[in-house]
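Asker: next come a sequence and a model predicted from it.
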Amino acid sequence: MHDHCLDDRHAPRAGGGLSARWRHALASVVCLLTLAVCGHARAAAVAAPAECQALQAKYPQLKGKTLVNAINPHTPGYEALDPSDPSKYIGFDIDLGETIGNCLGFTMTYKPVTFAALLTTLQSGQADIVISDIYATEERAKAADFITYSKVYDGVLVAKGNPKKITGINTSLCGATAAENTGYVEIPLIQKLGPACKAAGKPEAAIQLYDNNANCIQAILAGRADTYINDVNTVDQAVKAYPDKLEKAVAVTLPYSVGIGVPKNKPEFREAIMAALVAIQKAGIQTQLLNKWGLGAENLETPKLIVAN
Amino acid sequence: MDLFLHYLSLPYLLRGIGFTIAVTVLGLGGGLLVGLVLATMQLSRIGPLAAIARGYTVIFRGTPLILQLVFAYDALPHIGLKLSAMGAAALALAANEGPFIAEILRAGVLGVDRGQTLAGQALGMTPAVLMRRVIAPQAIRTMVPAFGNESVSALKNSSLASVIAVDELTLRSTQLASSTFDFFSIFFASGLMYLLLTGAVAMIQLIAERALDLDRPPSSRPFARLLPWSRGGRAASPAPATPGSPGGDGPSALPAHAKADRANRAAQLARNGAAVQISGLKKRYGEQVVLDGFDLTIRSGEVIALLGPSGSGKSTLLRCINHLEQWDAGEIRVGGRRLGFRDDGRPLGARELANERAGAGVGMVFQHFNLFSHLSARENIAGPLRWVHGVPAEEADRRALALLERVGLSHRADALPRHLSGGQQQRVAIARSLAPNPRVLLLDEPTSALDPELVGEVLEVVRRLAVEDGLTMIISTHQLRFAHEVADRVVFMSGGCVIEEGHAHEVLTRPKHPLTARFLRVMAADSELAVTP
């Protein structure tokens, strides 16, 4: 690396500043054509714990690499554009990913996709890792291996005053309409209420599928849906944005964990990520990050693997 | 409103426009290539090629673009083809646009009047020259609105590339809306950006239409000049029309003949060599026999009037002589050369055939004139001289003006065909067919499509060609008086063979065959010619 810089400095420089400008222009054009989401600056790096030196020595193949992180950047607090500088992604997941990268010596670029396409993008090799507030379920473990890092608390977002009196994923949802993102774990849970609703003599809950949080929230604002059940912090952010129109009815615990998705055929990479995550947790960095983003330190969960057999 | 203006000028969104334009341009450019290939395959009339193109069209026109995008992005890597998001989007959009653009191209090409293609072939244009000089310029004019449409649609479709992480305007807007909750101001802003982009496309379309509008004076069509088929530099000062005949250096110049010494002329003609020899010519369309063992020899300088009822095979015969039609059996020789075959007896390909036509010296005038409607009268004549015979631009232009003068139209040299009367158009068409100094001129009912009052001016031009130039001509006509006056010989056809032939005066006034007599009696009403059976 250093040699390279040295070479560069000694290389003959015809045209000086002009050629540099041209090179810059060329780089921009290449950027435009190959798309790589250039220009998304990294979040402030957190100092890496001491174990990281050893991990970098153990996994030298990751050092100096640039990995692609597939995200569904519609979840303020976890991953979303920085409203004050939209060329950056910010949030807890972004910071966590950057910290892991710092620890292992790689940098991260981002590929924004729909929630339902997160794992497809990983499977096709268009991304190397998924850190995007995705719940690690058995079903999803068929498409990717997961390293969990957080517990799941869901919030029930409703219109101000909770006109349908919804109290969670239970028979209070019968006859109501829920907005959800395609591929969310809440969908099967709501669908499973069918028999219970029938037994109570009520119609089943209807589900409207959207592509991102913003559309689900708009569905409630527009009166198309009665509720949107998702991660409690996402729900809190929505209430903060529309305090006169929305409220959180209740929080519920789901039997899942949030996980980092990695390809199924790269056990060593998975091992490295897991080891880095453990070191980061041990050093108290994850707790710091949870507090920084107001997500509650109680969310923290000791990493475990979820792998389909 | 403030928020709306803030997002409208936000560099993050404005940069997204760059990606939107890049996807659109790559998709349209690739689509044009795919479309050209597909249209060529379908127009080639080669069965398997056309079938493959059809199959492709069914698949890519019949499935949603969003699926094709996801396929290109997520499925192709499984077979080892990992494209960038932009690459996958460009590929999918191009593959999807291809069939639509192919149909636009095909409609444009098929929309060009068949008669002009025929005229171009008769002038000896190879398929490539015909495409470049006659079909493409006219097709492109008709295709501009459809292309404008397609570009707007591609621009809007590029927003679907947001599902495969192409960092374009729609993806940027939705992400920004999620992080700021300013849903409506952001989407109004990006909507306005799309509107400006599509508005720009509409503007380009209008400019292109204006630039290509033939009815505007050329000085206000600056772009038209840049097009490849634009007329080459016009001779600045056209030389005065050279008197005398363009056919004057032809092989068969004869002194003028008077009506009185027909016998004299007949004797002289008999001494001339054969210009065209047709023997045993047979041609059928399916079950219908059109030419049934037709024999005829035409001497240099001779004027033949072909008479006969509709469907008697007159037009087919003329087209065979120029090899615009293939025949089933028999032989045609022009100037002693056997047409349509290589030395080893195998048939010629389309390009060789065109070159042969250009070399054989057979000119043709059509019933419906078939002038190239995008070219001025002068260019209709000068263009083929340059493209087919390689005549230098200035000389071609001089020749065109001289010929226009001869047919009395030098004052209309820069008029488009559609601004000329039928009679004037036919006179231009005659001038065009004379330009390469043909050995033989074929005229296929040259006055049948004209209003009666316009017939005279065309016949007068043909009469002068016969009398002053001694050009060898075969004229199929219903004008008996004209035939009587101009033709040396009349050939009466019926059912694809010669029923009766002989000196014009003999056949027209004392027909021997009852079919001829009946035909002449019917036609006599028009021709005021006294027929004595």
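Answerer: Arrived safely.

Asker: lowest mean pLDDT among the helices and strands, pick that one out for chain B.
Answerer: Taking mean pLDDT, DSSP states H and E as the measure, chain B has helix B:262-271 as its least confident helix or strand, at a mean of 77.

Asker: roughly how far does B:Phe294 sit from B:Gln277?
Answerer: Here the criterion is Cβ to Cβ, to the nearest Å. By it, B:Phe294 lies 12 Å from B:Gln277. For glycine as for every other residue, the C-beta is placed from the backbone atoms N, C-alpha and C.

Asker: between these two, who's got more neighbours?
Answerer: Ranked by neighbour count (other Cβ atoms under 10 Å in any protein chain shown), B:Phe294 and B:Gln277 place B:Phe294 first, with 24 against 17.

Asker: spatially, what comes nearest to the more buried one if we skip its sequence neighbours?
Answerer: Of all residues not flanking B:Phe294 in the chain, B:Leu281 sits nearest, at 4.2 Å (Cβ to Cβ, 6 or more residues apart in numbering or on different chains).

Asker: roughly how far does the one you found sit from B:Ala377?
Answerer: B:Leu281 is 35 Å from B:Ala377, by Cβ to Cβ.

Asker: between those two, who's got more neighbours?
Answerer: More neighbours surround B:Ala377 than the other of B:Leu281 and B:Ala377, with 30 against 25 (other Cβ under 10 Å).

Asker: thinking the more buried one is in contact with B:Pro417, fair?
Answerer: Yes - counting by Cβ atoms under 8 Å, B:Ala377 does reach B:Pro417; the two are 7.2 Å apart.

Asker: okay, and the common contacts of those two?
Answerer: Jointly contacting B:Ala377 and B:Pro417 under the rule Cβ atoms under 8 Å, 6 or more residues apart in numbering or on different chains are B:371, B:428.

Asker: that older thread, C-terminal to the least confident helix or strand of chain B, what's the next element?
Answerer: strand B:274-285 (DSSP states H and E).

Asker: tell me the secondary structure for A:Glu298?
Answerer: Look at A:Glu298: counting by DSSP: H, G, I helix; E, B strand; the rest coil, its state is helix.

Asker: what kind of secondary structure is the nearest residue to it once chain neighbours are set aside in?
Answerer: What sits nearest to A:Glu298 in space, not counting adjacent residues and going by Cβ to Cβ, 6+ apart, is A:Lys151, at 7.5 Å. Taking three-state DSSP as the rule, one finds A:Lys151 in the strand state.

Asker: is A:Lys151 in a bridge, and if so with what?
Answerer: When assigned by DSSP bridges, A:Lys151 has beta-bridge partners A:Ser257.

Asker: strands along the stretch 1-150 of chain A, start to end?
Answerer: Assigned strands in the stretch 1-150 of chain A, in chain order: A:66-71, A:74-75, A:79-82, A:85-90, A:107-112, A:129-135, A:145-159 (criterion: DSSP state E, counting those that start in this stretch).

Asker: how about the stretch 401-533 of chain B?
Answerer: Along the stretch 401-533 of chain B, the stretches classed as strands by DSSP E, counting those that start in this stretch are B:440-444, B:472-476, B:489-494, B:497-503.

Asker: so what's the closest residue to A:Gln56 other than its chain neighbours up against?
Answerer: Nearest residue to A:Gln56 in three dimensions, chain neighbours excluded: A:Gly105, at 4.8 Å (Cβ to Cβ, 6+ apart). A:Gly105 makes contacts with A:56, A:62-65, as judged by Cβ under 8 Å, 6+ apart.

Asker: please convert the buried members of these into PyMOL selection syntax.
Answerer: To isolate the buried ones among the contacts of A:Gly105 in PyMOL, judged by 16 or more other Cβ atoms under 10 Å in any protein chain shown, type:
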select buried, chain A and resi 56+62
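
Asker: ok, which pair from the contacts of A:Gly105 is furthest apart?
Answerer: The largest separation in the contacts of A:Gly105, counting by Cβ to Cβ, is between A:Gln56 and A:Lys65 at 11.5 Å.

Asker: that older thread, and of the strands of the stretch 1-150 of chain A, who's closest to B:Met493?
Answerer: Checking the strands of the stretch 1-150 of chain A against B:Met493 by Cβ to Cβ gives strand A:107-112 as the closest, at 76.8 Å.

Asker: go through that closest one and flag the buried ones.
Answerer: Neighbour-count burial for strand A:107-112 flags A:108-112 (criterion: 16+ other Cβ under 10 Å).

Asker: who's in contact with the closest residue to B:Gln426 other than its chain neighbours?
Answerer: Once flanking residues are discounted, B:Gln426 sits nearest to B:Val458: 4.8 Å by Cβ to Cβ, 6+ apart. B:Val458 is in contact with B:423, B:426-427, B:430, B:446-447, B:450, counting by Cβ under 8 Å, 6+ apart.

Asker: and B:Val458, how far from chain A?
Answerer: 61 Å (Cβ to the nearest Cβ, to the nearest Å).

Asker: B:Leu520 too?
Answerer: According to Cβ to the nearest Cβ, B:Leu520 and chain A sit 77 Å apart.

Asker: looks like that residue contacts B:Arg481 (just checking).
Answerer: No - taking contacts as Cβ under 8 Å, B:Leu520 lies outside contact range of B:Arg481: 11.6 Å.

Asker: have a look at the two and say which one is more surrounded.
Answerer: A direct count of neighbours by other Cβ under 10 Å for B:Leu520 and B:Arg481 places B:Leu520 higher, at 21 against 15.

Asker: next one, pLDDT for that one please.
Answerer: pLDDT, B:Leu520: 88.

Asker: roughly how far apart are it and B:Glu500?
Answerer: For B:Leu520, the distance to B:Glu500 equals 10 Å [Cβ to Cβ].

Asker: just to revisit the earlier point, export the contacts of A:Gly105 as CSV, with columns for distance to B:Gly313 and pLDDT.
Answerer: Shown next, in CSV, are these (distance: Cβ to Cβ, whole Å; pLDDT from 0 to 100):
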residue, distance to B:Gly313, pLDDT
A:Gln56, 92, 91
A:Leu62, 85, 91
A:Lys63, 87, 90
A:Gly64, 84, 91
A:Lys65, 80, 92
